[in-house]
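> Below are the sequence and a predicted model; questions follow.
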Amino acid sequence: MGMNVGSSSSKDLDVVVDINTTPLIDVMLVLLIMLIITIPIQTHAVKINMPVNSPPKSDKPPVVVKLNIDAEGVIHWNDEVIPDKALLQTRFQQILAEPEVPEVHLRPDRGAKYKVVAMVLASAQRLGVTKIGIVGGEQFM
């Protein structure tokens, strides 16, 4: 292997006008890999069954059950303390037996544990309560 250190001829002083494309290709490959990794995250969706038609208009306001959960995890059903899960399930079954199922407004306290809120929602879902909503979100803003 030889190396040309320098020469006085003008033909060796030609300027190379080609761009080195190796760094450009490296950057493009990194961007392509980042795009491939982030596409599944962007297409992840939560499936929600939304009503198709507008509900019929009613003259009277719906019956509302206020279900509060305080910071200690105590559940209140219309300001009455629910001491255990069995009584909560009994209450859900009672409202399902009514001719017009009331709306359940779940209002967890800011300091309530997620475990208690999830237990209430799971019990309602398991028993078939569909008119349930979480209210009081302004306290979390």
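Arrived safely, thanks for sending.
> Quick one: the strands in this protein, in order.
Here the chain has its strands, by DSSP state E, at 64-69, 75-77, 80-82, 103-108, 132-134.
> Show me what the second one is in contact with.
If I follow you right, that is strand 75-77. 65-70, 81-82, 88, 91, 116, 120 (C-beta atoms under 8 Å, 6 or more residues apart in numbering). In this view, the C-beta of every residue, glycine as well, is placed from N, C-alpha and C.
> Now do the helices in the chain.
Here the chain has its helices, by DSSP state H, at 22-42, 85-97, 114-127.
> Looking at the ones you listed, which is nearest to Glu103?
Closest to Glu103 of the helices of the chain is helix 85-97 (C-beta to C-beta; 9.5 Å).
> Adding mean neighbour count, distance to Gly133 and mean pLDDT, write the helices of the chain out as CSV.
Shown next, in CSV, are those (neighbours: other C-beta atoms under 10 Å; distance: least, C-beta to C-beta, whole Å; pLDDT from 0 to 100):
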stretch, mean neighbour count, distance to Gly133, mean pLDDT
helix 22-42, 9, 28, 87
helix 85-97, 14, 14, 93
helix 114-127, 14, 11, 91
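> Make a markdown table out of those and add distance to Asn49.
Listed next are these as a markdown table, based on distance: least, C-beta to C-beta, whole Å:
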| stretch | distance to Asn49 |
| --- | --- |
| helix 22-42 | 23 |
| helix 85-97 | 19 |
| helix 114-127 | 12 |
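> what's the closest of the contacts of strand 75-77 to Glu100?
Of those, the one sitting nearest to Glu100 (C-beta to C-beta) turns out to be Val65, at 12.2 Å.
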